[in-house]
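Chemist: Kindly return the folded structure for what I paste below:
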Amino acid sequence: MCFIGALHEYRNHSEEQFFMHFKPIERVAKLRLNNTKLLTGISSEARKKLIKDFLEQLFLSNFDNTFFDEETFNELAGELNSTLKNILERKNHRRIVLALSNIINNLDEGGSTKSTFYRIDSKRIQQLVKIRNDIAHGNKVNVSPDDLGDVEYLSRQLITLVFFGVNFEKVYLRSKKFGNDLWS
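Modeler: As a prediction, the model looks like this:
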């Protein structure tokens, strides 16, 4: 639906267009994190083990050879892992980066899709989230063509990769409005 709006009425309203493309990115990222159990499940247990091992070494080397019992280390590791999960889930850009990394790592094909995803890195996503927040709070925002291009690219790629399992370029229909090819 957002692409139909972008092709028609919203084309001259960059803030609305940006916001319209950003919403699916947020939704797909949250859905991806929930479905892959990236922050919970088996990977969470592996992280707890790594944190526990790290804590054991930390206490032995930096706290005068302090050694706690197994239960205490497990409790500390569980609390730190839970805190890390909450910190990662709390910020929008962190959720998007985690989901995007998961999607990139599971891409079969490489090439231009992966390189474009790598160009839209954590810092760039943080900039896009700031623009989204400024728009949502009614602040005056200058949305550049690069901002629109990146958010549109992320939106269409995430939707097609997550829901259809294919790259956007393989499924979209070319269209023109006023003699311009809007998707090339």
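Chemist: Which neighbouring elements make contact with the lengthiest helix in the chain?
Modeler: Assignment by DSSP state H gives helix 14-36 as the longest helix of the chain. Contacts defined by 3 or more C-beta pairs under 8 Å, 6 or more residues apart in numbering; DSSP states H and E place helix 14-36 against helix 2-7, helix 92-105, helix 122-136, helix 145-163. For every residue, glycine as well, the C-beta is placed using N, CA and C.
Chemist: same for the second one, what does it pack against?
Modeler: For helix 92-105, the packing partners by 3+ C-beta pairs under 8 Å, 6+ apart come out as helix 14-36, helix 70-90, helix 111-119, helix 122-136, helix 145-163.
Chemist: same check, this time on the third one
Modeler: Using 3+ C-beta pairs under 8 Å, 6+ apart as the contact definition, the elements that helix 122-136 packs against are helix 14-36, helix 92-105, helix 145-163.
Chemist: Make TSV out of those helices and add distance to Val171 and mean neighbour count.
Modeler: Formatted as TSV, the helices and strands packed on helix 122-136 follow (distance: least, C-beta to C-beta, whole Å; neighbours: other C-beta atoms under 10 Å):
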stretch	distance to Val171	mean neighbour count
helix 14-36	15	19
helix 92-105	16	19
helix 145-163	6	18
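Chemist: Nearest to Gln57, out of those?
Modeler: Closest approach to Gln57 among those (C-beta to C-beta): helix 92-105, 26.2 Å.
Chemist: Looking at the helices and strands packed on helix 14-36, spot the one closest to Arg47.
Modeler: So among the helices and strands packed on helix 14-36, helix 92-105 is nearest, using C-beta to C-beta, at 12.9 Å.
Chemist: Which residues outside the closest one are in contact with it?
Modeler: With contact meaning C-beta atoms under 8 Å, 6 or more residues apart in numbering, helix 92-105 is reached by 25-26, 28-30, 32-33, 36, 38-39, 87-89, 114, 117-118, 120, 122, 125-126, 128-129, 132-133, 154, 158, 161-162.
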